[in-house]
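[1] Test case, fold it:
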Amino acid sequence: MYSTIQSKTNKRLLLSVIIFLALVLATFSCKKSNSTSGSSSATDTVTTDDAANAVSDAVSPASAGMVAQTQTTVVIINTDDLACGEVKDTAFSGQNAVGAAITYSYAYSSNRLLTCNADVPSSFQFNFSGKNSYSAAYIASDDSAQGNFTVTGLSPGASQYVFNASYIRNGSETSKVRNQYTFTSNINIQSTNLTIDKSTQQIVSGTATVSISGAASNGKSFSYSGTITFSGGNQALLVLGNGNTYTITWS
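    Numbers count the residues shown, from 1 in each chain. Predicted coordinates for the structure are as follows:
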């Protein structure tokens with residue numbers, strides 16, 4: 001009888017030990033899992049897709065990007081009465097039309113210079129800088145921008161203007177998709193062969209290098225570089241990061 005009671009007691013003790021060890025193991029596993037998850041989250045930063053959204057809107061005229069300012073430059077060339085060697089300083093601004101899906105505003109100061117060769121215009125220099133902001137489908141931005149455009153092809157016999165263009169934007173963006181990061185950025189676009197049809201005032205061809213770098217609100221930095229190929233028809237192909245491709249379109 002004593003042996004039977006002792007056997008049952010030993011079984012209960014063994015069962016208690018097994019349950020206790022199982023609980024300890026489960027608690028350890030849970031803590032390890034949570035720790036791993038936290039570590040992964042801490043390494044998250046702005047993705048290539050987020051960066052591509054910012055670059056696309058820095059290009060598109062729908063958000064008052066670089067293309068809009070090339071169009072402004074063409075209008076000035078066609079309508080300004082600048083004399084050879086004359087420098088003119090002006091301010092200009094703009095905002096979206098009422099009811100537009102993408103809202104924007106900008107205010108720039110600018111200077112321009114017409115260079116001539118034997119009284120024949122040879123190049124037009126247009127420099128501007130100021131503030132701009134926009135809210136598009138995937139991202140909103142509050143930036144400063146500066147551009148330096150040198151335009152050739154001014155002779156009446158030429159059908160196209162050719163831009164040597166530098167366009168830089170610095171500021172902060174808020175993504176509306178994915179991780180919805182708030183991040184700072186520096187966007188640098190450089191082109192030496194941006195070609196614009198004089199009659200339509202639209203870009204018909206050209207390439208540009210682009211880089212974007214900055215930091216997300218969690219302090220994690222990012223940096224991507226790539227190319228933009230303008231193919232006419234109000235569109236361009238952005239290749240960013242490790243060969244990721246994006247189509248930029250505008251109307």
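[2] okay, CA-based contacts and neighbour counts for the rest of this
    Will do.
[3] Give me the nearest residue to Gln125, chain neighbours excluded.
    Sequence neighbours aside, Thr150 is the residue nearest to Gln125 in space, at 4.6 Å (criterion: Cα to Cα, 6 or more residues apart in numbering).
[4] And Asn244, how far from Ile228?
    12 Å (Cα to Cα, to the nearest Å).
[5] Those two: which has the busier surroundings?
    It is Ile228, of Asn244 and Ile228, that has more neighbours when counted by other Cα atoms under 10 Å, with 25 against 12.
[6] and the more buried one, what are its bridge partners?
    With beta bridges defined as DSSP bridges, Ile228 has these partners: Ala208, Leu238.
[7] and the gap between it and Gln146?
    In this structure, Ile228 and Gln146 are 19 Å apart, going by Cα to Cα.
[8] Please name the residues that touch the residue nearest to Gln125.
    Taking Cα atoms under 8 Å, 6 or more residues apart in numbering as the criterion, Thr150 is in contact with Ser123, Phe124, Gln125, Phe126, Phe163, Asn164, Ala165.
[9] Just list what the helix or strand hosting the last one packs against, helices and strands only.
    Pointing back at Ala165 there. In this structure, Ala165 is located in strand 160-175 according to DSSP states H and E. The criterion is 3 or more Cα pairs under 8 Å, 6 or more residues apart in numbering; DSSP states H and E, and the helices and strands that strand 160-175 contacts are helix 48-59, strand 139-152, strand 182-197.
[10] Next, count neighbours for the nearest residue to Thr245 once chain neighbours are set aside.
    Leaving out its chain neighbours, the residue that sits closest to Thr245 by Cα to Cα, 6+ apart is Val239, at 4.5 Å. Around Val239 there are 19 other residues, counting by other Cα under 10 Å.
[11] same deal with Ala54?
    For Ala54, the count of nearby residues is 24 (other Cα under 10 Å).
[12] got the contact list for it?
    In this structure, Ala54 makes contact with Ile139, Glu173, judged by Cα under 8 Å, 6+ apart.
[13] Tabulate the helices and strands packed on strand 160-175 (JSON lines), appending mean pLDDT and distance to Asn132.
    Written out in JSON lines, the entries for those read as follows (pLDDT from 0 to 100; distance: least, Cα to Cα, whole Å):
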{"stretch": "helix 48-59", "mean pLDDT": "96", "distance to Asn132": "10"}
{"stretch": "strand 139-152", "mean pLDDT": "97", "distance to Asn132": "5"}
{"stretch": "strand 182-197", "mean pLDDT": "97", "distance to Asn132": "14"}
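[14] which stretch among the ones you listed comes nearest Thr90?
    Taking Cα to Cα as the criterion, strand 139-152 is the member of the helices and strands packed on strand 160-175 that comes nearest to Thr90, at 14.4 Å.
[15] next one: the closest one to chain centre, how far?
    Mean-position distance between strand 139-152 and its chain equals 12 Å (Cα atoms, centre = their mean, to the nearest Å).
[16] In its sheet, which strands sit next to that strand, and in what direction?
    Pairing partners of strand 139-152, with direction, according to DSSP bridges: strand 120-135 (antiparallel), strand 160-175 (antiparallel).
[17] can I get those strands in TSV with mean pLDDT and distance to Gly206?
    Converted to TSV, those look like this (pLDDT from 0 to 100; distance: least, Cα to Cα, whole Å):
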stretch	mean pLDDT	distance to Gly206
strand 120-135	96	18
strand 160-175	96	9
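[18] Asn234 is nearest to which of those?
    Counting by Cα to Cα, and looking across all of the strands paired with strand 139-152, nearest comes strand 160-175 at 16.0 Å.
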